[in-house]
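A.B. asks: Predicted model and sequence follow; I will ask about them next.
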Amino acid sequence: MGQAARGNVAGARWSLRLGVDPNEPSRYGFRHENLGQTPLTAAAQFGQVDVARLLISKGADPNLRDGGGVGQTPLATAAMAGQLEMCRVLLDAGADPNLPTSPELTGENRNWTALDWAVQANHAEIAALLRQRGGVENRRR
């Protein structure tokens with residue numbers, strides 16, 4: 001659902017009415033979306049709060065990892081991108097701040113939490129919010 005990344009609420013609403021699954025990973029890798037990215041993760045990356053709220057109201061899972069070997073959660077993506085309000089929306093919708101991302105990867109950033117990503121990107125306000133909501137760092141420094 002390319003509408004999510006672009007913040008097109010009307011387009012997203014129309015896609016959902018046509019039966020698009022709000023949890024279906026993208027099969028396209030052009031424009032704003034990455035291959036395998038869920039609509040909610042796309043909205044989270046670009047701070048499209050209104051689209052995220054719509055998707056969540058229609059059943060989008062705030063803890064669903066992206067497909068296609070990406071493995072990022074919407075919350076981790078928002079934390080990496082510096083989207084403070086989006087992090088609040090996702091946490092309020094039940095996003096788990098301690099859900100590890102990219103478990104299938106090897107190397108340093110395997111199993112990082114949203115807090116790990118926020119710290120890595122120097123987003124202090126987001127890191128504080130995640131800690132307040134129970135987030136813990138998983139990565140080894």
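C.D. replies: Sure, I can see it. Residues are numbered from 1 along each chain as shown.
A.B. asks: now the most centrally placed residue in the chain: how far from P100?
C.D. replies: Note on the chain: the residue nearest the mean C-alpha position is P74, at 1.1 Å, using C-alpha atoms, centre = their mean. As judged by C-beta to C-beta, to the nearest Å, P74 and P100 stand 14 Å apart. All C-beta atoms are positioned from the backbone trio N, CA, C, and that covers glycine.
A.B. asks: Likewise for P25?
C.D. replies: Going from P25 to P100 by C-beta to C-beta gives 19 Å.
A.B. asks: neighbours around V49, how many?
C.D. replies: Neighbour count for V49, taken as other C-beta atoms under 10 Å: 18.
A.B. asks: my bad, should have said G7
C.D. replies: The burial count for G7: 17, using other C-beta under 10 Å.
A.B. asks: Ranking helices and strands of this structure by mean pLDDT, which lands last?
C.D. replies: One helix or strand of the chain scores below all others by mean pLDDT, DSSP states H and E: helix 3-6, with a mean of 72.
A.B. asks: That one: what's the following helix or strand?
C.D. replies: helix 9-17 (DSSP states H and E).
A.B. asks: residues of that next one that come out buried?
C.D. replies: Neighbour counts over helix 9-17 (16 or more other C-beta atoms under 10 Å) mark A12, S15, L16 as buried.
A.B. asks: what's the neighbour count on L18?
C.D. replies: Number of residues near L18 (other C-beta under 10 Å) recorded here: 7.
A.B. asks: Next one: it from A12, what distance?
C.D. replies: Noted for L18: a distance of 11 Å to A12, by C-beta to C-beta.
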